[in-house]
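> For reference, the sequence and a predicted model appear below.
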Amino acid sequence: MQNKNKTVVRSMDLLNLFLTHSKLNMNEMAQLSGIPKTSVHRMMGSLEEMGFLHKDKNGHYSLGLLFLQFGNLVAERLDIRHIALPVMERLRSEIGEAVHLVLRDGNESIYIEKLDTDHPVRLFTKIGKKAPLYAGASSRTILAFMPEEERETYLEEIELLPIGSGTIISKDKLRQSLELTRETRYSFSRSELENYTAELSAPIFNHACDIVAALSIAGLEVQFGEGQMPVLIDKVVKAAHDISRKLGYQEST
């Protein structure tokens, strides 16, 4: 940590502002970041010159097209995305719900692939969306199969905050849910990240039997009725297992 270059760190602080703002001027960036305006001016000039930022005629900055190039390269080089995509397409055609591929990113999960549904009323998610590891079926699937010591450290340190009306905010209940996920090999959530929505997820393992991702289907709560669940669970678990096998996973006997 102590070897971090101060200018690089501050530049990242400025770029991170654009995760939640589409456009910002110099004064707004200085105010939001707490970095002196002279330093902001110097760094923004360099970032613009290198193509990381674009400045319009009104003096507002936005992310440059270089990020699109980098983003596409990252997506293309994620082998699991290419391996999972045909299975995800099959799953979507079978059930007609949105299908997601989710990875761990530190103490969060991140959506790296999505196949949308044809339903006129649908759940809005996008590639790059993040969620805490304790909330939502995909996140909880990843958390459930993390190494026990690492999982317990996370559970001890994290503060469970409500996001949707169904978010689990009791650590006892969360531990029970994680245990159930490990037993059944799937996780289900209602209104945890967004009210009136549901998500059903199953784990994806690699050749070393480590959790590497979660596969999920998601949509409006009403589309996940009791009568539909057995079929949906079977199809999602099977699809996740098919991807795991393609990654070299072999179930222990």
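Structure's in. What do you need?
> Tell me where the stretch 1-150 of the chain has helices.
Assigned by DSSP state H, counting those that start in this stretch, the helices in the stretch 1-150 of the chain fall at 6-16, 26-33, 37-50, 65-77, 79-95, 137-144, 148-157.
> Could you do the stretch 151-253 of the chain as well?
Using DSSP H, counting those that start in this stretch, helices in the stretch 151-253 of the chain cover 171-184, 229-246.
> For those, please prepare JSON lines with the additional fields mean pLDDT.
What follows is the helices of the stretch 151-253 of the chain, written out as JSON lines (pLDDT from 0 to 100):
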{"stretch": "helix 171-184", "mean pLDDT": "96"}
{"stretch": "helix 229-246", "mean pLDDT": "95"}
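> Mean neighbour count and distance to Leu103 added to those helices, as a markdown table?
All C-beta atoms are positioned from the backbone trio N, CA, C, and that covers glycine. Conversion of those to a markdown table gives the following (neighbours: other Cβ atoms under 10 Å; distance: least, Cβ to Cβ, whole Å):
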| stretch | mean neighbour count | distance to Leu103 |
| --- | --- | --- |
| helix 171-184 | 14 | 17 |
| helix 229-246 | 18 | 13 |
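> Arg24 is in contact with Phe18, isn't it?
One correction, residue 24 is Leu, not Arg. Yes. Assessed by Cβ atoms under 8 Å, Leu24 is found in contact with Phe18 at 7.1 Å.
> Please enumerate the shared neighbours of the two.
The overlap between the contact sets of Leu24 and Phe18 (Cβ atoms under 8 Å, 6 or more residues apart in numbering) consists of Tyr61.
> Neighbour count for these two, which is higher?
Leu24 (22 against 18; other Cβ atoms under 10 Å).
> Grab the nearest non-local neighbour of that one.
Tyr61 (5.7 Å; Cβ to Cβ, 6 or more residues apart in numbering).
> Could you tell me which residues make contact with that neighbour?
18, 23-26, 29, 44, 48, 53-55.
> which among the residues you listed gets closest to Gly248?
Using Cβ to Cβ, Phe18 is the member of these that sits closest to Gly248, with 37.9 Å.
> any idea how far that closest one is from Gly96?
Distance, Phe18 to Gly96, using Cβ to Cβ, to the nearest Å: 35 Å.
> contact partners of stretch 224-244?
80, 83-84, 87-88, 90-91, 94-95, 97, 185-186, 188, 190, 198, 200-206, 213-217.
> Narrow the residues you listed to just the buried residues.
80, 83-84, 87-88, 91, 94-95, 97, 185-186, 188, 198, 200-205, 213-217 (16 or more other Cβ atoms under 10 Å).
> Give me the neighbour count for Asn107.
Asn107 has 14 nearby residues by other Cβ under 10 Å.
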